[in-house]
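**Q** no sequence for this one, just the structure:
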């Protein structure tokens, strides 16, 4: 029973005396845009919950991530990519656990559509269409969700469900003294892409903005038995490496010049240590950070190559001292004013 | 990598060159307020996802509900009850499916705490304390979550996980011609309670406001094998009865005067059909609506009595005509301007 006035306050079904048969707007909206995405467990999105049989002999893995307009995406980002970015951020969490994703649920707190006309039917059709494309691409299906109104910006929260062989989930706390610190893909594209979209930097071919809007979750490589520890980079490489180290009771040294950059990032960063710092701390990478012992390095490279995923050693864990140290090739400390993002 | 400026834009860990060891504020916040609530699957709330073994021989049930300040709860509601209301709304979904809840995840999009000083440590301690009390009461534990900042009002989204005997989940689409329409507890307390809190009505003893802030999920009665269909009343009795009927391909008649009211509601509603209409359509009840054949009525009453839950027959499903009809004791149609809430 919302307090919200506006469209929600209108009679949702007019002809009560003659018998209510029409769907209220909210339910018709869900049916129109999301029913095509629903998997069998979703029960047609008409029940109070989804019901599914967990895969036999597997552990379940579950995570949730929220995104807020003006915080995690830009108001003028295309609706096609907004939902996909959130889904991919969650898929990246599944990749970081070594899990296989199977389903997702979405809550959508939407500004009143009368007051914010850009949230029209075409916007939601594109939003849901992007999600439909990604769930085909990554092989999962919608289980359920909730829609509500808000006086504030669009807030999305996505829950993802997957599974893993029992005992094989990749944790953050398994790094060992001497393990190499490895990272997939390239770092900094998302952070630089945001600066491009804000007009602070130029991007020759749209690569960086594309990576900001559509990260690539690294679900391909089967890292169980190879990586001692894993997580994904969302809040900034330096800060997130610090989490891996702390949870494992170790420190870590990152070689700033070894951090893999895309050609587009390299073109901007060369000679600009301030922009290299943006790459190292900006976040929104959704790449995997891995602790891998040297005798598994070849296996790591082989399984990533088989999945078409670049993987690069960028540092080393050590027991001598806690924390993160970021160094240049000559061993000098690379100066950073901050390590990553905190929302509080 | 949020765009948000403000506290989030400050260096989160200052002493980078000397090695980062401190926790960023956001992670310290989570540890401070939520770690005590975390169950074993939550992995100390430090990993990218939760991992748990699904109970053998059961189906999993999963649902998500969001609540927005100023829409689902009032800005001056006590922080102790805000999280509990959302948890209980989700527990009510589990009850409606006949499922046993086991775990939950929470996302919290919070106004910048520098700009909104009421969201201070004491507020969050009370918020988490209320949730801790309820998860003890209802026997489940926190699996994970996400915190972020927003420029808008507080937005909470809660995912709940439970399980059920395979094939025994209660659905909305199982009502049959001639089934009685039954409801647990009392209807309208939440809707009247909101009016009390808005100063529009007087409440002698705080019962109605209490029911608005803390609904009672009806997890007790074991309804499998008794009810043909079930759902919980969140958007309004009339509208939600319409969902049960529509999903079952039937119509339903509700006897307005048979709808159970609490003593506090009865005192206000007597002689005020406008307030009876509020009860029938206001929502926020979190009671169960059930389709039960007459030959299971005694079993229904017995299992509800055993669980200490009132249950009342308030109408009947029929195949003659679609939709909902709301009637007085003399058969006359009870006039309603709307049936319940829609957020779009």
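**A** That came through, no problem. Note that the structure is predicted; figures quoted are calculated from it, not measured.
**Q** any idea how far residue A:161 lies from residue A:67?
**A** 18 Å (C-beta to C-beta, to the nearest Å). Backbone N, C-alpha and C define where each C-beta goes, glycine included.
**Q** Now do the SS call for the residue of the stretch 101-250 of chain A found nearest chain B.
**A** The stretch 101-250 of chain A approaches chain B most closely through residue A:152 (1.3 Å), counting by C-beta to the nearest C-beta. Following DSSP: H, G, I helix; E, B strand; the rest coil, residue A:152 is assigned to coil.
**Q** Kindly report the same for residue A:254.
**A** Per three-state DSSP, residue A:254 ends up strand.
**Q** So it is in contact with residue A:240, correct?
**A** No. Between residue A:254 and residue A:240 there is no contact under C-beta atoms under 8 Å: 10.7 Å.
**Q** and the two? which has more neighbours close in?
**A** The neighbour count for residue A:254 versus residue A:240, taken as other C-beta atoms under 10 Å in any protein chain shown, is higher for residue A:240 (26 against 22).
**Q** Roughly how far does whichever residue of the stretch 201-344 of chain A sits closest to chain B sit from residue A:232?
**A** Of all residues in the stretch 201-344 of chain A, residue A:323 sits closest to chain B, at 2.9 Å by C-beta to the nearest C-beta. Between residue A:323 and residue A:232 the computed distance is 21 Å (C-beta to C-beta).
**Q** Shouldn't residue A:219 be within a helix?
**A** No. Checked against three-state DSSP, residue A:219 lies outside a helix; its state is coil.
**Q** now it, nearest residue through space, not along the chain?
**A** For residue A:219, ignoring the flanking residues on the chain, the nearest one in space by C-beta to C-beta, 6 or more residues apart in numbering or on different chains is residue A:95 at 4.7 Å.
**Q** phi, psi of that neighbour?
**A** phi -60, psi -40 (degrees, to the nearest 10).
**Q** go on, residue A:81?
**A** phi -100, psi -20.
**Q** Please name the residues that touch it.
**A** Contact partners of residue A:81, counting by C-beta atoms under 8 Å, 6 or more residues apart in numbering or on different chains, are A:73, A:130, A:213, A:214.
**Q** what would these look like in JSON lines with secondary structure and pLDDT?
**A** Output for the contacts of residue A:81, formatted as JSON lines (DSSP: H, G, I helix; E, B strand; the rest coil; pLDDT from 0 to 100):
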{"residue": "A:73", "secondary structure": "strand", "pLDDT": "89"}
{"residue": "A:130", "secondary structure": "helix", "pLDDT": "97"}
{"residue": "A:213", "secondary structure": "helix", "pLDDT": "95"}
{"residue": "A:214", "secondary structure": "coil", "pLDDT": "96"}
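**Q** Farthest-apart pair in the residues you listed, please.
**A** Spatial extent of the contacts of residue A:81 (C-beta to C-beta) is set by the pair A:73 and A:130 at 12.1 Å.
**Q** what is in contact with these two at once?
**A** Taking C-beta under 8 Å, 6+ apart as the contact rule, residue A:73 and residue A:130 both touch A:81, A:82.
**Q** quick revisit: who are the contact partners of the residue lying closest to the residue of the stretch 101-250 of chain A closest to chain B once chain neighbours are set aside?
**A** Spatial nearest neighbour of residue A:152, excluding adjacent residues (C-beta to C-beta, 6+ apart): residue B:152 at 1.3 Å. Listed by C-beta under 8 Å, 6+ apart, the contact partners of residue B:152 are A:68, A:150, A:151, A:152, A:153, A:155, B:109, B:111.
**Q** same deal with residue A:295?
**A** Residue A:295 neighbours (C-beta under 8 Å, 6+ apart): none.
**Q** Per the annotation, how does chain A divide into domains?
**A** Using automatic domain parsing, the domain parsing of chain A gives A:23-45+A:58-164, A:180-327.
**Q** Lowest average confidence across those domains, which one?
**A** Confidence, taken as mean pLDDT, is least for domain A:23-45+A:58-164 of these (a mean of 92).
**Q** How far does that domain sit from its chain's centre?
**A** 12 Å (C-alpha atoms, centre = their mean, to the nearest Å).
**Q** what helix or strand is the residue lying closest to residue A:311 once chain neighbours are set aside on?
**A** Leaving aside its sequence neighbours, residue A:311 sits nearest to residue A:304 (C-beta to C-beta, 6+ apart; 4.0 Å). Assigned by DSSP states H and E, residue A:304 falls within helix A:297-306.
**Q** now for that helix, which elements pack on it?
**A** The contact analysis (3 or more C-beta pairs under 8 Å, 6 or more residues apart in numbering or on different chains; DSSP states H and E) places helix A:297-306 against strand A:180-184, strand A:311-318.
**Q** count of residues packed around residue A:144?
**A** Residue A:144 has 29 neighbours, counted by other C-beta under 10 Å.
**Q** right, and it touches residue A:105 too?
**A** Yes. The pair residue A:144 / residue A:105 is scored as a contact, 4.7 Å apart, by C-beta under 8 Å.
**Q** Three-state assignment for residue A:291, please.
**A** Three-state call for residue A:291 (three-state DSSP): strand.
**Q** residue boundaries of the strands in the stretch 51-200 of chain A?
**A** Applying DSSP state E, counting those that start in this stretch to the stretch 51-200 of chain A gives strands spanning A:59-68, A:100-111, A:141-150, A:155-164, A:180-184.
**Q** what's the angle from the fourth one to strand A:100-111?
**A** Pointing back at strand A:155-164 there. Angle between the axes of strand A:155-164 and strand A:100-111 is 170 degrees (criterion: axes from the mean of the first three to the mean of the last three C-alpha atoms, to 10 degrees).
**Q** now for strand A:155-164, which elements pack on it?
**A** On a contact count with 3+ C-beta pairs under 8 Å, 6+ apart, strand A:155-164 meets strand A:59-68, helix A:79-96, strand A:100-111, strand B:59-68, strand B:100-111, strand B:155-164.
**Q** just the angle between it and strand B:59-68, please?
**A** Following the same axes, to 10 degrees, one obtains 160 degrees for the angle between strand A:155-164 and strand B:59-68.
**Q** Could you do the shortest one as well?
**A** Taking the same axes, to 10 degrees, strand A:180-184 and strand B:59-68 form an angle of 80 degrees between their directions.
**Q** hmm, back to that, the more surrounded of residue A:161 and residue A:67?
**A** residue A:161 (27 against 23).
**Q** Any residues of the stretch 201-344 of chain A in contact with chain B? List them.
**A** By the rule C-beta under 8 Å from any C-beta of the partner chain, the part of the stretch 201-344 of chain A lying against chain B is A:231-232, A:235-236, A:238-239, A:242-243, A:246-247, A:251, A:282-284, A:321-326, A:333, A:335-344.
**Q** now, which of those residues lie within helices?
**A** Among these, DSSP state H puts A:238, A:239, A:242, A:243, A:246, A:247 in helices.
**Q** Could you dump those into a markdown table with distance to residue B:275 and neighbour count added?
**A** Output for those, formatted as a markdown table (distance: C-beta to C-beta, whole Å; neighbours: other C-beta atoms under 10 Å in any protein chain shown):
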| residue | distance to residue B:275 | neighbour count |
| --- | --- | --- |
| A:238 | 60 | 28 |
| A:239 | 55 | 25 |
| A:242 | 58 | 28 |
| A:243 | 54 | 26 |
| A:246 | 57 | 23 |
| A:247 | 56 | 19 |
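**Q** residues contacting the nearest residue to residue A:51 once chain neighbours are set aside?
**A** Excluding its sequence neighbours, the residue lying closest to residue A:51 (C-beta to C-beta, 6+ apart) is residue B:169, at 4.7 Å. Shown in contact with residue B:169 (C-beta under 8 Å, 6+ apart): A:49, A:51, B:59, B:61, B:97, B:98, B:99.
**Q** What is the burial count for the last one?
**A** Which is residue B:99. By other C-beta under 10 Å, 29 other residues sit near residue B:99.
**Q** Now do the contacts for it.
**A** Per C-beta under 8 Å, 6+ apart, neighbours of residue B:99: A:49, B:61, B:162, B:163, B:164, B:169.
**Q** Over to the second one?
**A** Applying C-beta under 8 Å, 6+ apart, one finds that residue A:51 lies in contact with A:41, A:43, B:59, B:60, B:61, B:97, B:164, B:169.
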